[in-house]
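Pasting the sequence and the predicted coordinates here, then a few questions.
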Amino acid sequence: MRLAELRSALTRNLGLRAVALLLASVLWLFVNAGNPQAESSLKVPVQYVGLQPGLMITNFHPDSLELQITGPQTLLSLLNPDRLSLRLDLHGIGPGRAHFDITPAEFPLPRQTAVSRISPSEINLNIDQIVSKQLPVQLMIDGEVAQGFGIGSIALSPPSVTVTGPSRDVNELKSITTEPFTVKNATKEVTRTVALVNPGGLLKVSTDEVLATVTVHEIVADREFRGLPVKVKGARYRFSLQPQKVDAKVRGPARGLASLDLTGAAYVDAGATTFPGVYNLPIMIDLPDGFELVDERPDSVRFRMYRARLKETAQP
């Protein structure tokens, strides 16, 4: 009796196992038939953490990676790119080059899914120190002032600026230039704000513009006048003088010198000669305002006065 019961129980147990195996097989077929293997592309973010203060990444570094993931369609549809983000730990990394190989193990994927491709599969970082440097501002003059004028002084406010960025780039700079500052046909002082040229890259400048003042003045030049006739003024008696011509050098605005006419400007004053005789009289040259006499040769003449009185109508 006991043997028969044992056989009956064993038969029931085997039957249950067979049923369970059958159900598992049916369920597996159902799941896999409804969730065929698929492939999905995900763009996951990259985070760079732990970089020491005073350091910066100077080259291009991706802010995301593209993952090619295979697995059941149902599981792939549930993947969240933000939960798969890559965190690159930069603790302890100093100036120089840092290399990271990106492997599938970096990404926590559910079972039955796998990373088949990573793009890019490696990240290279150039790390440099952040430095600051005071640099002079150089004004870029555009155009020419009016003819006969020249540029005097140039004043900038501020005259220098602070540039901050990677040490390699900052140390290569000698100055910061401005955008073109026009002085075309200017005849007087020019003042305006002018933008600075951004040095680009990762460099930052303490200000975007400066106030520029350019003074403009007339060009002063010298001109030689040779053989100017010397006139005699105030003579009451007949006279002779030697020499009768003078050479003069005059200084003044260049645009006025070109047209300056000194005919009749050189003379001696004989009004103080009251007795016949020989006198040395200084040569005088009348000049318009804004001009000055630099040199004259000779600076005097030998004036001889005779006894014969000049007729007033004949006086030169």
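That came through fine.

Flag the helix or strand of the protein with the lowest per-element mean pLDDT.
Least confident helix or strand of the chain, by mean pLDDT, DSSP states H and E, is helix 2-34 with a mean of 54.

now the strands for the stretch 201-316 of the chain?
Applying DSSP state E, counting those that start in this stretch to the stretch 201-316 of the chain gives strands spanning 204-205, 209-218, 220-229, 231-233, 237-242, 245-253, 266-269, 277-282, 284-285, 292-297, 300-309.

that older thread, after the least confident helix or strand of the chain comes which helix or strand?
strand 37-49 (DSSP states H and E).

For the next helix or strand after that next one, which strands pair with it and how are they oriented?
Where DSSP H and E defines the elements, the next helix or strand beyond strand 37-49 is strand 55-57. Strand 55-57 pairs in its sheet with strand 122-138 (antiparallel), by DSSP bridges.

tell me the angle of the strand it pairs with relative to strand 37-49?
Strand 122-138 and strand 37-49 are oriented at 40 degrees to each other (axes from the mean of the first three to the mean of the last three Cα atoms, to 10 degrees).

and the next element down the chain from strand 122-138?
strand 141-142.

May I have the strands that pair with the helix or strand following that following strand, each with its orientation?
Scanning forward in sequence from strand 141-142 by DSSP H and E, the next helix or strand is strand 149-157. Applying DSSP bridges, strand 149-157 is found paired with strand 209-218 (antiparallel).

residues contacting the closest residue to residue 162 other than its chain neighbours?
The shortest distance from residue 162 to any residue other than its chain neighbours is 4.0 Å, reached at residue 206 (Cβ to Cβ, 6 or more residues apart in numbering). In short, each C-beta sits where N, CA and C put it, glycine included. Applying Cβ atoms under 8 Å, 6 or more residues apart in numbering to residue 206 gives the contacts 161-164.

of those residues, closest to residue 118?
Proximity of the contacts of residue 206 to residue 118 was ranked by Cβ to Cβ; the top entry is residue 164 with 35.2 Å.

May I have the residues that are in contact with that closest one?
With contact set as Cβ under 8 Å, 6+ apart, residue 164 has these partners: 130-133, 170, 203-204, 206.

6 Å instead, please
132, 204 (Cβ atoms under 6 Å, 6 or more residues apart in numbering).

and it, what element?
Going by DSSP H and E, residue 164 is in strand 160-166.

which parts of that strand are buried?
Residues of strand 160-166 classed as buried: 161, 163, 165-166 (neighbour count, 16 or more other Cβ atoms under 10 Å).

tell me the angle of it relative to strand 209-218?
Interaxial angle of strand 160-166 relative to strand 209-218 (the same axes, to 10 degrees): 140 degrees.

after strand 160-166 comes which helix or strand?
helix 167-172.

Let's see that next one as CSV, backbone CA atoms only.
Provided in CSV are the C-alpha atoms of helix 167-172 (Å, rounded to 0.1, in the frame of the first residue of the first chain):
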residue,chain,number,x,y,z
SER,A,167,48.7,80.5,-19.2
ARG,A,168,50.0,79.4,-22.6
ASP,A,169,47.7,81.8,-24.4
VAL,A,170,48.0,84.7,-22.0
ASN,A,171,51.8,84.6,-22.0
GLU,A,172,51.8,84.9,-25.8
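
Tell me the buried residues in it?
167, 169-170.

Now do the domain split for the chain, please.
Annotated domains of the chain cover 36-120, 130-218, 221-314 [automatic domain parsing].

Save those domains as a markdown table, and put in mean pLDDT too.
Putting the domains of the chain into a markdown table (pLDDT from 0 to 100) gives the following:
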| stretch | mean pLDDT |
| --- | --- |
| domain 36-120 | 92 |
| domain 130-218 | 96 |
| domain 221-314 | 91 |
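
I figured residue 140 hits residue 180, correct?
Yes - between residue 140 and residue 180 there is a contact under Cβ atoms under 6 Å: 5.3 Å.

which one of the buried residues of helix 167-172 is nearest residue 92?
Taking Cβ to Cβ as the measure, residue 92 lies nearest residue 167 of the buried residues of helix 167-172, at 19.7 Å.

give the contact list for that closest one.
128-129, 131.

top of those residues by neighbour count?
residue 128 (20 neighbours; other Cβ atoms under 10 Å).

Okay, that one and residue 206: tell me how far apart.
20 Å (Cβ to Cβ, to the nearest Å).

Check residue 182 too.
Separation of residue 182 from residue 206 (Cβ to Cβ) stands at 25 Å.

next one: residue 296
Taking Cβ to Cβ, one finds residue 296 at 57 Å from residue 206.

picking that back up, now the buried residues of strand 160-166 in CSV, with distance to residue 104?
As requested, the buried residues of strand 160-166 are arranged in CSV below (distance: Cβ to Cβ, whole Å):
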residue, distance to residue 104
161, 49
163, 43
165, 37
166, 34
